[in-house]
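Student: Next comes the sequence, and after it the predicted model I'd like to discuss.
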Amino acid sequence: MIRIGLIGCGKIGQVRHLPEYADNENSEICALYDINMERAQELAKKYGAKAYDSVEALLASDIDAVSICSANTSHADIALKALEAGKHVLCEKPMATTLEDCEAMVAAAKKAGRVLMIGQNQRLAGAHQKAKELIDAGAIGRVLTFRTAFCHGGPETWSVDPGLNTWFFDKARAAMGAMADLGVHKTDLLQFLIGQTITEVSAQLTVLDKKFADGTPITVDDNAFCVYKMDGGAMGTMTVSWTNYGAEDNSTVLFGTEGVLRIYDDPEHTLVLVKKSGEIEYYDVDQIQTNDNQTKSGVIDMFIDHLLDSSRPCITGESVLPAMRAVFGAIESDRTGRVVKVNI
């Protein structure tokens, strides 16, 4: 039995982590911490756990692992403390808010001999798993170009404290906006699917519409537009947005030498393979999760399975580093107005 502590009792903890740990027969929710002590106590009562008044007190307890579900800017500090305390760590994305912190987390996990997993759940979506299988089998040949998008109406209704003053909009707590919230997902996914690493990025990050309650523009990006070049020659675009006020778009289209894969792009089919010959194959694997339609992510089960058997797969911090390098490259490209080469 893996004894779990949860740090950060906000929306992602309440909707994903806690219910999925409770549903896993090999995990036990033992400890909770949140800056809102009343919230932590209420959830502790619900799950038969103990609420702690500090991160340090929680880490001093006899838990085996922690889920970090706090605001972006606190991820690295908490993860480093947890790893030093000998705890395994599952950290929500974005991994951290600087590349140096990301690399420090990976180094700390190696030094401690503990697992550092990042919640890049897009890798685990059914159509993405099937697409990866088809690509690896050569179904569309060599991937030449791609386009991917993750666009919805914004996080202000998702936050545990909803409204226009959500922490997602505040640079002091979030550090980055749509690029960190959504762009890290699709950047990581592209590399996972194609099997290539991003080496160059050109990007623009901007605020087009979102405002705080007082009418002033938010202090992080609400849209990001990126062009990625990969080490295997593939090139394409990634668009992420908090200003899509229609149906959520979480699509990816890959164009190869032998065909095209359309993932969560067709309203009738979750995965469509269009072969060079004109033959079309449909795979109705699942429906992508949305903010309004939450399904089991698979992240918690993967984490617990890996802790019980290290030969089982895991989305390690080290495997996510190339995506984080590309994300920070995009931020640098926007700042300088130049194409940025990503150090791989």
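Tutor: Sure thing, it's come through.

Student: C-alpha only now, for contacts and for neighbours.
Tutor: OK.

Student: can you give me the helices for the stretch 101-250 of the chain?
Tutor: If DSSP state H, counting those that start in this stretch is used as the criterion, the helices of the stretch 101-250 of the chain fall at 126-136, 171-174, 178, 184-194.

Student: Let's have those in a markdown table, adding distance to Ala224.
Tutor: Putting these into a markdown table (distance: least, Cα to Cα, whole Å) gives the following:
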| stretch | distance to Ala224 |
| --- | --- |
| helix 126-136 | 22 |
| helix 171-174 | 15 |
| helix 178 | 7 |
| helix 184-194 | 11 |
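
Student: Mind telling me which of those the model trusts least?
Tutor: Among the helices of the stretch 101-250 of the chain, helix 171-174 carries the lowest mean pLDDT, a mean of 90.

Student: need the next SSE after that helix, C-terminal direction.
Tutor: Downstream of helix 171-174, the first helix or strand assigned by DSSP states H and E is helix 178.

Student: what's that following helix in contact with?
Tutor: 220-224, 240-242 (Cα atoms under 8 Å, 6 or more residues apart in numbering).

Student: want to throw the helices of the stretch 101-250 of the chain into JSON lines with mean neighbour count and distance to Gly8?
Tutor: Output for those, formatted as JSON lines (neighbours: other Cα atoms under 10 Å; distance: least, Cα to Cα, whole Å):
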{"stretch": "helix 126-136", "mean neighbour count": "18", "distance to Gly8": "28"}
{"stretch": "helix 171-174", "mean neighbour count": "17", "distance to Gly8": "13"}
{"stretch": "helix 178", "mean neighbour count": "28", "distance to Gly8": "20"}
{"stretch": "helix 184-194", "mean neighbour count": "22", "distance to Gly8": "20"}
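
Student: mind checking how far stretch 302-315 is from the chain centre?
Tutor: 18 Å (Cα atoms, centre = their mean, to the nearest Å).

Student: May I see the buried residues of it?
Tutor: 302-307, 314-315 (16 or more other Cα atoms under 10 Å).

Student: Whichever helix in the chain runs longest: which residues count as buried?
Tutor: Longest helix in the chain by number of residues, with DSSP state H as the criterion: helix 317-336. Within helix 317-336, the residues that qualify as buried are 317-318, 320-334, counting by 16+ other Cα under 10 Å.

Student: for the protein, which spans come out with low pLDDT?
Tutor: For the chain, the stretches flagged by pLDDT under 70 are 287-295.

Student: Show me the strands in the stretch 101-250 of the chain, by range?
Tutor: 116-118, 143-151, 198-206, 223-230, 235-241 (DSSP state E, counting those that start in this stretch).

Student: And the helix or strand following the last one, how far out from the chain middle?
Tutor: As assigned by DSSP H and E, the chain's next helix or strand after strand 235-241 is strand 252-256. On the basis of Cα atoms, centre = their mean, strand 252-256 is displaced by 21 Å from the centre of the chain it belongs to.

Student: what helices or strands is strand 252-256 leaning on?
Tutor: Under the contact criterion of 3 or more Cα pairs under 8 Å, 6 or more residues apart in numbering; DSSP states H and E, strand 252-256 touches strand 143-151, strand 259-263.

Student: strands paired with it, and their directions?
Tutor: strand 143-151 (antiparallel), strand 259-263 (antiparallel) (DSSP bridges).

Student: angle of it against strand 235-241?
Tutor: Counting by axes from the mean of the first three to the mean of the last three Cα atoms, to 10 degrees, strand 252-256 lies at 170 degrees to strand 235-241.

Student: Name the residues linked to the residue nearest to Tyr283 when sequence neighbours are not counted by a beta bridge.
Tutor: Once flanking residues are discounted, Tyr283 sits nearest to Leu271: 5.0 Å by Cα to Cα, 6 or more residues apart in numbering. Counting by DSSP bridges, Leu271 is bridged to Ile263, Tyr283.

Student: Run a quick neighbour tally on Leu271.
Tutor: Around Leu271 there are 27 other residues, counting by other Cα atoms under 10 Å.

Student: Could you measure from it over to Tyr282?
Tutor: Counting by Cα to Cα, to the nearest Å, the gap from Leu271 to Tyr282 is 6 Å.

Student: Kindly report the same for Thr206.
Tutor: 37 Å.

Student: what's the answer for Cys226, then?
Tutor: From Cys226 to Tyr282 the distance is 29 Å (Cα to Cα).

Student: do the same with Leu321
Tutor: 33 Å.

Student: just Lys171 next, same as before
Tutor: Distance, Lys171 to Tyr282, by Cα to Cα: 42 Å.

Student: circling back to that earlier point, redo the strands paired with strand 252-256 as TSV? Include mean neighbour count and distance to His17.
Tutor: Supplementary listing: the strands paired with strand 252-256 in TSV, determined by neighbours: other Cα under 10 Å; distance: least, Cα to Cα, whole Å:
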stretch	mean neighbour count	distance to His17
strand 143-151	21	22
strand 259-263	23	26
